[in-house]
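Asks: coords below, sequence missing:
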């Protein structure tokens with residue numbers, strides 16, 4: 001999942017000005033700080049799920065996985081194993097992560113069936129959970145009605161759970177760039193207005209597109225992964241890019257919208273057979289992540305997003321691995337409390 005290059009885009013054509021005027025009345029100020037990690041509940045193994053899911057060419061003796069850049073300290077685990085979820089939540093809480101943004105694809109699929117288990121574990125640990133709405137179901141065509149159906153399903157089934165991420169009492173949903181591209185900004189403008197009309201109390205939508213147009217449609221904007229801009233760079237160059245770019249992201253969100261800055265420990269999806277060249281961002285022995293944390297705090301967003309907790313296929317995980325140990329968790333624990341201690345933006 002790479003969308004930094006694609007996220008700063010979007011035209012205003014086709015947007016309903018009357019609906020935009022209604023959206024402009026919604027303003028978010030003094031939003032509580034959050035440190036949220038993108039989370040993947042798509043892993044399965046024969047012990048728990050009866051088969052391998054997402055893990056491929058597993059060699060537990062030599063600690064290698066064909067579809068993973070690194071090897072998890074917990075081994076090739078199952079996302080439906082309550083013990084694994086409890087450990088993830090403990091680690092995250094200890095590191096200062098306040099919640100997970102969980103990849104979600106369809107009603108009653110593998111990801112959806114695991115969500116109640118994660119919500120229970122998160123509630124026990126004092127973490128928040130929301131979803132990353134990955135795709136609008138096609139059903140002949142990716143119509144906005146299909147998106148609305150799934151949004152309402154999520155809100156009605158999970159939105160009132162004690163562990164669900166909220167702002168001012170309203171449940172939060174993150175929308176991935178692919179889903180935005182399917183029905184465009186005008187489609188999501190309609191979905192948001194209809195969801196807020198049909199779901200009592202309304203909801204908060206954070207869109208994966210950093211543009212002035214998207215900031216008029218969504219309650220907040222973000223990008224999933226900046227590796228397209230950091231690939232191949234030294235730590236100094238990564239820091240310089242972040243110092244110039246992160247404040248622009250916050251400025252683009254503007255006043256009244258939730259501003260997010262996304263940071264990564266590194267990125268390496270070279271084991272997935274994707275077309276070369278790949279946008280690999282080196283970890284530089286942990287210095288990439290430290291530099292991005294420092295620049296994120298300096299940019300003063302509302303929320304810092306971490307890509308990722310456990311996207312093992314793309315080598316962006318901060319979850320402990322055989323190769324990197326707990327290094328990125330320790331870095332998170334060093335910086336997250338500093339960010340969370342800041343007064344809300346606009347105070």
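Replies: Okay, I see it. Every value quoted in this text rests on a predicted model; they were computed, and no experiment measured them. Numbers count the residues shown, from 1 in each chain.
Asks: in stretch 146-154, what counts as buried?
Replies: Neighbour-count burial for stretch 146-154 flags 146, 147, 148, 149, 150, 151, 152, 154 (criterion: 16 or more other CB atoms under 10 Å). Just so you know, the C-beta spots here come from the backbone N, C-alpha and C atoms, and that holds for glycine as well.
Asks: residues of the longest helix anywhere in the chain that come out buried?
Replies: Counting by DSSP state H, the longest helix found in the chain is helix 177-198. Across helix 177-198, burial judged by 16+ other CB under 10 Å covers 177-196.
Asks: just stretch 122-136 next, same as before
Replies: So, applying 16+ other CB under 10 Å, buried residues of stretch 122-136: 122-123, 125, 127-136.
Asks: closest one of the residues you listed to residue 292?
Replies: Nearest to residue 292 among the buried residues of stretch 122-136 is residue 132, at 20.0 Å by CB to CB.
Asks: those strands in the chain, which residues are they?
Replies: 34-39, 58-59, 64-65, 99-104, 128-133, 166-167, 170-175, 204-207, 220-221, 258-263, 303-306 (DSSP state E).
Asks: got the ones you listed as CSV, with mean pLDDT and distance to residue 343 columns?
Replies: Listed next are these as CSV, based on pLDDT from 0 to 100; distance: least, CB to CB, whole Å:
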stretch, mean pLDDT, distance to residue 343
strand 34-39, 99, 14
strand 58-59, 98, 47
strand 64-65, 98, 43
strand 99-104, 98, 20
strand 128-133, 98, 20
strand 166-167, 98, 17
strand 170-175, 98, 21
strand 204-207, 98, 21
strand 220-221, 98, 18
strand 258-263, 98, 15
strand 303-306, 99, 14
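Asks: which among those is found nearest to residue 241?
Replies: strand 258-263 (11.8 Å).
Asks: same for that closest one, what does it pack against?
Replies: Packing partners of strand 258-263 (3 or more CB pairs under 8 Å, 6 or more residues apart in numbering; DSSP states H and E): strand 204-207, strand 220-221, helix 235-253, helix 287-299, strand 303-306.
Asks: out of those, which gets nearest to residue 335?
Replies: Closest among the helices and strands packed on strand 258-263, using CB to CB: helix 287-299, at 4.1 Å.
Asks: ok and that closest one relative to helix 235-253, angle-wise?
Replies: 30 degrees (axes from the mean of the first three to the mean of the last three CA atoms, to 10 degrees).
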